[in-house]
Structure formats: structure tokens, C-alpha cells
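In: After the sequence you'll find the predicted model.
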Amino acid sequence: MANPDVRRLFFALWPDETVRSTLVDLQKRLPPGMGRLVSGDNLHITLVFLGATPIERQHCIEEGLAGVDRPGFSLRLDQMGYWRKPQVLWVGSAATPLPLTALVQDLRDIAGRCGCEVETRPFQIHLTLCRKVHKPPRELPAIAAIPWPANSFALVESITAADGVRYKVLRTWGLPSGAAGSASG
């Protein structure tokens, strides 16, 4: 039986309905039989993976976020990629906005201070479109850039169910233009 006081958590950029719809349309244009499409409800960009997180550590992290004050920014998802080992087809960005890099570093620092083991590799923007891709196309298609206005980030729980994994947004924090960030949720 799972421990209800431990959750599998991560921070993410969660798309609004316009961006989500555009991403689902992109998935529909992939060649048939590519692999297993990620559910439209689960599409996101992971910022920091926290893993199995006891409730006390979650509270520590959320309290640490009170001091984070980062502006919103815009992303352009403008390239597709394939990672052979995890067999993942993704869409990402050729350029990482500086406010996003700073936000990811803030989140890593807070998580580390609260006892999480965090990724040390440079952050790379990617959103998984398809998993278990055994035969990727020889050439990945060029895509029209997908604009993504990032005005918030979310703390998300990964829940394993009989029919697969689903993600539940637990809380969001705003990334306003030039004003102090506020939490909601």
C-alpha cells in the first residue's frame, strides 16, 4: 500500500487551453504507429523533478517559494527531437529564455535546501509528445513555432492508475510582468 504522506511530485509549465490544443493537433499530424501518444491532459514541460516527496518536504518547498519573484516570459516551441534510449519524441525550443533559466535554478535551489536530490545537468526545454517510439521518422518534420505565454508554473503530482499515469496540478504560482509573484491554489 502506498504511503499517503509521500507524493511523486514535479514542477512544470502547464499549458493553457490554446497551447494544449495546438500541441494535440501536432500529435495528430505525427505518422501513424509512431508510438504511444501522451494524453492531451498530461502535456507539460517539466522544470524540476522532485520524485517521492514526503509531505513535510513538500511544505518546506512551498514555503521556500514565497521568496521567488520571477517575471513571466514567452516560449517558442520550434523544434522536434527524438531521444533513442528513452524512446521519446519531443517538441522543444532552440532558445531558453533567461527568466526560465533563472526560475529553474530557483526551484532547484529551494528543492535542494529542502532535502531533494535535483538534476545538475543544464535545463533543456522539452515536452514529450510520444513515448515508446521504436521507429522514429528518418527526418523529423519542421514545425511551425508554437508560442507559449508562460505566466505561471505548477506543482504537479504524478498518480499511477490502472489505466496509466495522470497528472494532477496541486498548486500554481504566478509569473506576472514586472510585479511580485503570487500563489494560488
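Out: Arrived safely, thanks for sending. Numbers count the residues shown, from 1 in each chain.
In: end to end, how far does stretch 141-152 reach?
Out: 30 Å (Cα to Cα, to the nearest Å).
In: Which strands border the helix or strand harbouring residue 166, and is each parallel or antiparallel?
Out: Assigned by DSSP states H and E, residue 166 belongs to strand 164-174. In the sheet containing strand 164-174, its partner strands are strand 152-161 (antiparallel), strand 183-184 (antiparallel), by DSSP bridges.
In: Next, the angle from the strand or helix carrying residue 106 to strand 164-174.
Out: Assigning secondary structure by DSSP H and E places residue 106 in helix 98-113. What separates the directions of helix 98-113 and strand 164-174 is an angle of 110 degrees, with axes from the mean of the first three to the mean of the last three Cα atoms, to 10 degrees.
In: ok, which stretches of the protein are strands?
Out: 6-13, 36-37, 45-54, 73-77, 79-83, 88-92, 126-131, 146-150, 152-161, 164-174, 183-184 (DSSP state E).
In: Just list what the fifth one packs against, helices and strands only.
Out: Contacts defined by 3 or more Cβ pairs under 8 Å, 6 or more residues apart in numbering; DSSP states H and E place strand 79-83 against strand 88-92. From N, CA and C alone the C-beta is placed, and that goes for glycine too.
In: could you give the mean pLDDT of the strand it packs on?
Out: For strand 88-92, mean pLDDT is 94.
In: Give me the residues contacting it.
Out: Identification of contacts with strand 88-92 by Cβ atoms under 8 Å, 6 or more residues apart in numbering yields 23, 26, 30, 34-35, 77, 79-83, 124-131, 133, 136, 140, 143, 146.
In: and if we set it to 7 Å?
Out: For strand 88-92, the surrounding residues in contact (Cβ atoms under 7 Å, 6 or more residues apart in numbering) are 26, 34-35, 77, 79-82, 124-131, 133, 136, 143.
In: picking up where we left off before, the strand holding residue 166 to strand 6-13, inter-axis angle?
Out: Going by the same axes, to 10 degrees, strand 164-174 makes 60 degrees with strand 6-13.
In: If you count neighbours, what's buried in strand 164-174?
Out: By neighbour count on 16 or more other Cβ atoms under 10 Å, the buried set for strand 164-174 is 167, 172, 173.
In: Turn the residues you listed into a markdown table, columns for pLDDT.
Out: A markdown table is the format used below for the buried residues of strand 164-174 (pLDDT from 0 to 100):
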| residue | pLDDT |
| --- | --- |
| 167 | 95 |
| 172 | 94 |
| 173 | 95 |
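In: can you redo the residues you listed as CSV with distance to residue 99?
Out: Below are those laid out as CSV (distance: Cβ to Cβ, whole Å):
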residue, distance to residue 99
167, 24
172, 17
173, 13
